[in-house]
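Undergrad: okay, structure incoming, though there's no sequence with it:
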């Protein structure tokens, strides 16, 4: 049974599935929020033990199966490379655990549907770990848009360009691990565009490749209802401004770098005058907010978040599938129609 915290609310006991860098960052942010990480699982006992010692996690399991079978775990955070998301999320759900799955939710939309349908059938909570959606500055941005401050939103502009490893064996360059700019980096602006403007009606994209065959950089234009547009770019070998803008008929919101992290923004009216300056103040990196949302909703008996419902994660994967179709990117062994 999940324990109760000092306020009487249910506090979940987290299990961490995988021990890479993103898992370490997540656990550090959970510690900032005082959330309860009780177990970690890895493919080897040694890796699990090292992670547990580093982050003061009470129990270390030498397999993912042992982790999800742990009766003292309520929710599993899946932090494996992209191709493992579907199997690991299903493993946790079949064991009766709630699941937070690192982005991208899966490799393709078909896999995303398998996860969401199983969670629904079992009455379990499932959420994609797109942490940007849950950050305080995004909450304020939606309030400003809903209030009509910038009028009718017509355009979203965002880039996510990083200078990452050129090692062909690195995960980011490895097609077997779902590498490339799109799924690691481009997922952010695509999810952002869907968040602000909804599912696109048309997808245009072009890309260039690395020597290993993954996309090195990808440019995307999405058309949404009523002719609204998103202009997005991602690259893995050139660091960009990593800023974003939401442009409306009465003004615009310019989000500072790095726009998808806990950051600040400025609201301008149609004449260019500053209407509001929002300054971010967040302890840690900010990944704790998605976990806090999960704990709150599960305590209330909910199985999804209105900020990012599972159905929208499927839509986002559908958009990424359409982009990959446009640029001719298929991962080894992938069959999106199985």
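TA: Arrived safely, thanks for sending. All values derive from a computational prediction rather than experimental measurement. Residues are numbered from 1 along each chain as shown.
Undergrad: switch to C-alpha atoms for all contacts and neighbour counts from now on
TA: Will do.
Undergrad: ok, residue 100 to residue 90 distance?
TA: Going from residue 100 to residue 90 by C-alpha to C-alpha, to the nearest Å gives 11 Å.
Undergrad: one more: residue 33?
TA: Computed as C-alpha to C-alpha, the residue 33 to residue 90 distance reads 27 Å.
Undergrad: the residue nearest the centre of the chain: what's it in contact with?
TA: Closest to where the C-alpha atoms of the chain average out (C-alpha atoms, centre = their mean) is residue 130, at 2.2 Å. Taking C-alpha atoms under 8 Å, 6 or more residues apart in numbering, we find residue 130 in contact with 102-104, 188, 290.
Undergrad: what about those residues, which are in strands?
TA: Filtering the contacts of residue 130 for membership in strands, criterion DSSP state E, returns residue 102.
Undergrad: quick one on the thing from earlier: what about residue 100 and residue 90, which has more around it?
TA: residue 100 (25 against 18; other C-alpha atoms under 10 Å).
Undergrad: secondary structure element holding that one?
TA: strand 98-102 (DSSP states H and E).
Undergrad: so how far is that strand from its chain's centroid?
TA: Computed by C-alpha atoms, centre = their mean, to the nearest Å, the chain-centroid distance of strand 98-102 equals 10 Å.
Undergrad: and the next helix or strand past it?
TA: helix 109-122.
Undergrad: ok, which stretches of the stretch 201-338 of the chain are strands?
TA: Secondary structure of the stretch 201-338 of the chain (DSSP state E, counting those that start in this stretch): strands at 202-209, 215-223, 229-235, 244-248, 251-255, 265-269, 274-278.
Undergrad: pick the most deeply packed of those strands.
TA: strand 229-235 (a mean of 25; mean count of other C-alpha atoms under 10 Å).
Undergrad: sheet-wise, list the partners of it with their directions.
TA: Sheet pairing of strand 229-235 (DSSP bridges) gives strand 153-161 (parallel), strand 215-223 (antiparallel).
Undergrad: got these as TSV, with mean pLDDT columns?
TA: Shown next, in TSV, are those (pLDDT from 0 to 100):
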stretch	mean pLDDT
strand 153-161	98
strand 215-223	98
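Undergrad: make JSON lines out of those strands and add distance to residue 266.
TA: Converted to JSON lines, the strands paired with strand 229-235 look like this (distance: least, C-alpha to C-alpha, whole Å):
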{"stretch": "strand 153-161", "distance to residue 266": "15"}
{"stretch": "strand 215-223", "distance to residue 266": "24"}
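Undergrad: nearest to residue 111, of those?
TA: strand 215-223 (21.0 Å; C-alpha to C-alpha).
Undergrad: give me the contact list for the closest one.
TA: 180-182, 186, 200-210, 229-237, 323, 329.
Undergrad: and what of stretch 244-263?
TA: Residues outside stretch 244-263 that contact it (C-alpha under 8 Å, 6+ apart): 132, 135-137, 141, 149-159, 188, 241-243, 264-272, 279-282, 285-286.
Undergrad: mind running it again at 7 Å?
TA: Contact with stretch 244-263 is made by 132, 135, 137, 149-159, 241-243, 264-270, 280, 282, 285-286, as judged by C-alpha atoms under 7 Å, 6 or more residues apart in numbering.
Undergrad: again with stretch 181-189
TA: 104, 158-160, 215-218, 232, 234-236.
Undergrad: then stretch 149-164?
TA: Contacts for stretch 149-164 (C-alpha under 7 Å, 6+ apart): 185-186, 189, 193, 228-240, 242-252, 269.
Undergrad: please apply the same query to stretch 70-79.
TA: In contact with stretch 70-79 (C-alpha under 7 Å, 6+ apart) are residues 2, 12-18, 22-23, 38, 85, 88-89, 92, 97-102.
Undergrad: at 8 Å instead, please
TA: Residues outside stretch 70-79 that contact it (C-alpha under 8 Å, 6+ apart) are 1-2, 12-20, 22-23, 38-39, 67-68, 85, 88-89, 92, 97-102.
Undergrad: which members of these occur in helices, if any?
TA: If you go by DSSP state H, the contacts of stretch 70-79 have 22-23, 67-68, 85, 88-89, 92 in helices.
Undergrad: residue 77 belongs to a helix?
TA: No - assessed with DSSP: H, G, I helix; E, B strand; the rest coil, residue 77 is strand; it does not lie in a helix.
Undergrad: can you give the domain ranges for the chain?
TA: 3-130, 136-281+317-327 (automatic domain parsing).
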